[in-house]
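Asker: just to be clear, the model below is a prediction. Sequence and coordinates:
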Amino acid sequence: MRNFIFLITVLSIASCTQPCVQEKCLPLSYFQPQDTGILNGGIRMIPITTPKGNFKVWTKRIGNHPKIKLLLLHGGPGTGHEYFECMESFLPQEGIEFIYYDQLGTCNSDKPTDTSLWDLSRSVDELEQVRQALHLDSSNLYLLGHSWGGILAMEYALKYQQHLKGLIISDMMSDARAYGKYADEVLSKKLPATVLDTIRAIEHRKDFSNPQYMELLMPHFYEKFICRIPLEQWPEPVNRAFAKLNQQQYVIMQGPSEFGISGKLENWDRSNDLKQIKVRTLIIGATYDTMDPAHMEWMSKQISGALFHLCPNGSHMCMWDDQQSYFKGLIDFLKS
């Protein structure tokens, strides 16, 4: 009897050494904080230096994995990390560490109003400062950039790829002009003619504050090509991210909406430079994306050894509207 009780005790202790998440047991090290002093849930306010002064940007680490640290670059520019919160439903059970990061001007980070700060090269410099502060390097750093974050990720890889273990370009083309052309020549034809005529008339007048502009774009464009979920059912983190959009930053860099591109990025093109990227790369696209999936597949053929993953039922935010496909592709890449 005493031997039986001893065996049960040993098994009980052993079962506590590896917490189980959705039937997958994780090592205790996944839950160990990396911070010292007062523990605050993995949040760090990172000081950054810019030509216009010093500011702080917000980051939050979830999990702990010595070889897989996924730094998330949100889109916009100007939305913040919040629409990435779906990651919490998929990555912890795989033991994958990931890091939220609000770029300068967004969400929980400082919000300067000097418009000269909204610049691609300065954003790359900011990202490098964040990497250094978080002590990420080529032994563990996977960089995932979605939409505008994909532009930032490509630019970072072309300048600092020696610090990367892997690169994920999610729902972004390598040529902004091709993106604009795809919107004009392909996606626009999927809108009702009367709706498109009204949208074009508003754009021609540059009357972007007209409420009719977004009232037409939301059901006819955003619900079809941004997130293919009925608007009234859009996930709360997505709505929260859009509600907190830094409009100044977004308009200067992107333009007034996702229907094409007309801001400072409209002539950005790195298609001829993709071959310079030598790190392991995954490119994720979706059938109903605002970005041309054929172009994104072509991108994967320009980078040696790159993989292309298509979410067949997804749109621009396929981490929400085609979750099983999106996360299978991402997790398989990270763990291979």
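Answerer: Right, received. Where do you want to start? Numbers count the residues shown, from 1 in each chain.

Asker: in the stretch 101-250 of the chain, where is pLDDT below threshold?
Answerer: Under the criterion pLDDT under 70, no range of the stretch 101-250 of the chain is flagged.

Asker: now the strands: where do they sit in it?
Answerer: Across the stretch 101-250 of the chain, reading from the start of the chain, the strands by DSSP state E, counting those that start in this stretch fall at 141-146, 166-170.

Asker: want to throw those into a markdown table with distance to residue 32 and mean neighbour count?
Answerer: All C-beta atoms are positioned from the backbone trio N, CA, C, and that covers glycine. Conversion of the strands of the stretch 101-250 of the chain to a markdown table gives the following (distance: least, CB to CB, whole Å; neighbours: other CB atoms under 10 Å):
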| stretch | distance to residue 32 | mean neighbour count |
| --- | --- | --- |
| strand 141-146 | 19 | 26 |
| strand 166-170 | 23 | 27 |
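
Asker: out of those strands, nearest to residue 232?
Answerer: The closest approach between residue 232 and any of the strands of the stretch 101-250 of the chain, judged by CB to CB, belongs to strand 141-146 at 23.9 Å.

Asker: using neighbour counts, pick out the buried residues of stretch 287-306.
Answerer: Of the residues in stretch 287-306, 288-293, 295-296, 298-300, 302-303, 306 count as buried by neighbour count, 16 or more other CB atoms under 10 Å.

Asker: swap in stretch 251-269?
Answerer: So stretch 251-269, judged by 16+ other CB under 10 Å, has buried residues 251-265, 268.

Asker: likewise stretch 150-161?
Answerer: Buried residues in stretch 150-161, counting neighbours by 16+ other CB under 10 Å, are found at 150, 151, 152, 153, 154, 155, 156, 157, 160, 161.

Asker: of the buried residues of stretch 287-306, closest to residue 123?
Answerer: Nearest to residue 123 among the buried residues of stretch 287-306 is residue 291, at 19.5 Å by CB to CB.

Asker: which of the buried residues of stretch 287-306 lies closest to residue 240?
Answerer: Relative to residue 240, and with distances defined as CB to CB, the nearest of the buried residues of stretch 287-306 is residue 290, at 20.6 Å.

Asker: wait, isn't that closest one in contact with residue 227?
Answerer: No. The pair residue 290 and residue 227 fails to qualify as a contact (CB atoms under 8 Å) at a distance of 10.6 Å.

Asker: export the buried residues of stretch 150-161 to TSV and tack on distance to residue 175?
Answerer: Rendered in TSV, the data for those read as follows (distance: CB to CB, whole Å):
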residue	distance to residue 175
150	12
151	10
152	15
153	15
154	11
155	13
156	18
157	16
160	22
161	20
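
Asker: keep only those of those that are in helices.
Answerer: 150, 151, 152, 153, 154, 155, 156, 157, 160 (DSSP state H).
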